[in-house]
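Trainee: here is my input; please provide its structure:
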Amino acid sequence: MVIKWILKLVFLLLMSLNLVYADAYDILILRHLGVSFTETSRGIQESIDQSLSIKEIIFNDQVSPYQMAEILSFEAPKILVLIGNEVANEYRDYQKKYSTEKFPVALLVATLKVSEIIHKIKNVVAIKYEIPATTSIVQLRRLTDKRIHRVGIVYRHWMRSIVTEEEHFCNKEFIDLVKIELSDKPNAGELKHKLKYLLRQNLDAVVIASDNKLLEPYHIQNIWKPLLDRFNNPIVSGLKILIGRNVDLATLAIIPDSYGLGEQTEQLIGEIIENNWQIEVQNEIYQPISIKKILNKRLAWKKGINLDPKNLSTIDYILE
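Mentor: Presented below is the predicted three-dimensional model:
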């Protein structure tokens with residue numbers, strides 16, 4: 001019993017020495033597994049100023065507030081980069097539990113619905129992950145000879161503030177956003193009825209909201225595809241999965257460029273450092289500046305949408 005107590009005491013002493021002599025990093029990246037997360041992290045690390053020290057920790061399992069506290073105490077970063085929703089939520093829970101701690105500057109990257117979580121985290125800024133639908137619509141204008149002034153969208157109630165923001169961007173481009181709101185827990189009947197109603201509104205294009213609940217496999221196969229297959233105008237999305245041959249739903253998808261997102265994060269880190277390692281405006285959300293454009297040329301041809309060959313060079317990937 002005495003030997004066990006002595007060994008435990010020695011272990012705790014060694015741990016405390018490690019904490020004292022651990023190297024503090026300028027930048028600490030925390031994330032879970034994921035191909036796009038790997039690319040974003042690589043974009044940061046390959047573009048970061050070589051005079052800065054940087055470390056990445058990749059989690060395989062959920063991280064508790066206690067574990068997060070240990071990591072931050074040991075690594076002592078000046079700037080924390082959180083990649084993905086899972087680690088952002090874990091960091092939020094850590095701050096809630098250890099609310100009296102002094103928190104480093106944090107950046108939320110590749111976080112969906114970031115406007116919902118950012119105000120629950122202290123000393124943080126973010127780069128928005130979703131691409132504004134207006135970006136896709138403006139790109140469509142350059143690619144086709146179709147008149148695009150009335151664009152429709154169906155969305156759940158929780159997305160109202162996001163859609164209102166989209167409407168603001170649309171107004172600047174003289175686009176009328178036709179909005180149809182669903183309840184937060186719509187059944188298949190409600191979605192089908194509202195989507196049918198939307199498609200009767202003399203639309204020039206349709207935006208598919210990035211909402212997994214509305215895009216469950218059953219809904220895609222039994223509601224979205226049957227109705228949108230008869231809609232012979234462009235359909236835009238911010239999800240790569242909706243433009244592949246297996247689904248063949250969207251005409252144009254504009255998605256985040258994961259590596260470019262990392263480069264933008266590095267630029268933001270540089271601005272924070274120039275501001276004496278402090279955030280200038282708390283809770284600010286920056287628009288993504290690097291995107292990938294995917295055109296479903298095969299579906300455009302099927303729907304009789306003429307494409308301007310001069311502007312096809314602006315597209316990153318063309319599905320023939």
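
Trainee: ok, for residue 232, nearest residue in space, not its chain neighbours?
Mentor: Nearest residue to residue 232, sequence neighbours excluded (C-beta to C-beta, 6 or more residues apart in numbering): residue 303, at 4.7 Å. C-betas here are computed from N, CA, C, even on glycine.

Trainee: which residues touch that neighbour?
Mentor: Residues in contact with residue 303 (C-beta atoms under 8 Å, 6 or more residues apart in numbering) are 231-234, 251.

Trainee: state the distance from residue 231 to residue 299.
Mentor: In this view, residue 231 and residue 299 are 11 Å apart by C-beta to C-beta, to the nearest Å.

Trainee: and the residue nearest the centre of the chain, what does it touch?
Mentor: Centre of the chain computed as the mean C-alpha position; nearest residue by C-alpha atoms, centre = their mean is residue 129, 2.6 Å away. By C-beta under 8 Å, 6+ apart, the contact set of residue 129 is 109-112, 114, 256, 261, 288.

Trainee: circling back to that earlier point, ok, of the contacts of residue 303, which come out buried?
Mentor: Among the contacts of residue 303, those scoring as buried are 231, 233-234, 251 (criterion: 16 or more other C-beta atoms under 10 Å).

Trainee: pipe these into CSV and attach distance to residue 265 and secondary structure per row.
Mentor: As requested, those are arranged in CSV below (distance: C-beta to C-beta, whole Å; DSSP: H, G, I helix; E, B strand; the rest coil):
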residue, distance to residue 265, secondary structure
231, 37, coil
233, 36, coil
234, 32, coil
251, 30, coil
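
Trainee: nearest to residue 221, of those residues?
Mentor: When the buried ones among the contacts of residue 303 are ranked by distance to residue 221 (C-beta to C-beta), residue 231 comes first, at 16.3 Å.

Trainee: so the closest one touches residue 199, yeah?
Mentor: Yes - contact criterion C-beta atoms under 8 Å: residue 231 and residue 199 qualify, at 5.7 Å.

Trainee: overlap in contacts, these two.
Mentor: Both residue 231 and residue 199 are contacted by residue 206, under the criterion C-beta under 8 Å, 6+ apart.
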